[in-house]
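>>> Here is the input, now give the coordinates:
(2 chains)
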Amino acid sequence: NAGVTQTPKFQVLKTGQSMTLQCAQDMNHNSMYWYRQDPGMGLRLIYYSASEGTTDKGEVPNGYNVSRLNKREFSLRLESAAPSQTSVYFCASSARPEGVEPQHFGDGTRLSIL
Amino acid sequence: DAKTTQPPSMDCAEGRAANLPCNHSTISGNEYVYWYRQIHSQGPQYIIHGLKNNETNEMASLIITEDRKSSTLILPHATLRDTAVYYCIVRLPIISNFGNEKLTFGTGTRLTIIP
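The predicted structure is shown next:
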């Protein structure tokens, strides 16, 4: 069972470069999420997609864009990377956005911006 | 969502039960208690959740006090692979498709299993 798969696992960028982080889930979940985790801090929600065809901003959306390509895939794009975006990025999914469904996470993308 | 308080770190001997406490004294009547853990270099892993009754699954048991102001996660027979940071989270059930499902992770408890 793959669950939530993120690619790449590691990436180093220069300031100003662009990049897309990929996420795919095979659990037929409706909702997907992007978080970032910085040292000593908890996870912060960047964007989420309650269902295919919808996306909404989370707590820290500035500098990012997302695309819900289909039910399985939810990508996160950095148009012009900045050192402040150095972080570990986690994608998650849940069966539904409503109710009490738990979220299931991928193993993260470790991104460094020089 | 209610705020939670957890001890920053705990140790437990391998094979013994690990009991991780969480205080959520401001929890509201319909907020659920969730537990996740994060093993080094991996994504957060869902463990268990509950509202007011005690819950058990293949990973752990969740004991919620009658007044719901605190809870305890129990790993019945801790192994070295249970070494991780454990997060206690309380949140409301989302009642519409348009809610911002923000899962707020605090700093958690770093559990170390001692051989």
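
>>> use CA for all of it now, contacts and neighbours both
OK.

>>> What residues are bridge-paired with the most centrally placed residue in chain B?
Centroid check for chain B by CA atoms, centre = their mean gives residue B:35 as the closest residue, at 2.7 Å. The partner list for residue B:35 in beta bridges (DSSP bridges) reads residue B:48, residue B:88.

>>> wait, isn't it in contact with residue B:48?
Yes. With contact defined as CA atoms under 8 Å, residue B:35 counts as touching residue B:48 (5.5 Å).

>>> show me what contacts residue A:11?
The contact partners of residue A:11, taken as CA atoms under 8 Å, 6 or more residues apart in numbering or on different chains, are A:109-112.

>>> Show me what it is bridged to.
Under the criterion used (DSSP bridges), residue A:11 bridges to residue A:111.

>>> Residue A:40: how many residues sit nearby?
The local packing of residue A:40 (other CA atoms under 10 Å in any protein chain shown) involves 8 other residues.

>>> That one: what secondary structure?
coil (DSSP: H, G, I helix; E, B strand; the rest coil).

>>> who's in contact with the residue nearest to it when sequence neighbours are not counted?
Using CA to CA, 6 or more residues apart in numbering or on different chains and skipping the chain neighbours, the partner closest in space to residue A:40 is residue B:107 (7.1 Å). Counting by CA under 8 Å, 6+ apart, residue B:107 touches A:40-42, B:8, B:87.

>>> looking at this, residue B:107 is in a strand?
No. Checked against three-state DSSP, residue B:107 lies outside a strand; its state is coil.

>>> measure it to residue A:41 for me?
Computed as CA to CA, to the nearest Å, the residue B:107 to residue A:41 distance reads 6 Å.

>>> before we move on, what about residue B:26?
In terms of CA to CA, residue B:26 sits 22 Å off from residue A:41.

>>> and if you look at residue A:54?
28 Å.

>>> Which stretches in chain B count as strands?
B:9-13, B:18-23, B:32-38, B:45-50, B:55-56, B:61-64, B:70-75, B:84-91, B:109-114 (DSSP state E).

>>> which one of the contacts of residue B:107 has the most neighbours?
residue B:87 (27 neighbours).

>>> what sits against residue A:28?
Per CA under 8 Å, 6+ apart, neighbours of residue A:28: A:71-72, A:95.

>>> Poorly predicted segments of the chain, please.
I'll assume chain A. Chain A contains residues with pLDDT under 70 at A:1, A:97-99.

>>> My question was about chain B, not that one.
Using pLDDT under 70, the flagged stretches of chain B are B:1-2, B:93-103.

>>> Around chain B, which positions in chain A sit nearby?
Contact residues (CA under 8 Å from any CA of the partner chain) of chain A with chain B: A:40-45, A:48, A:50, A:56, A:58, A:90, A:97-100, A:102-108.

>>> which ones among the residues you listed are found in strands?
Counting by DSSP E, the residues of chain A next to chain B contribute A:43-45, A:48, A:56, A:90, A:104-105 to strands.
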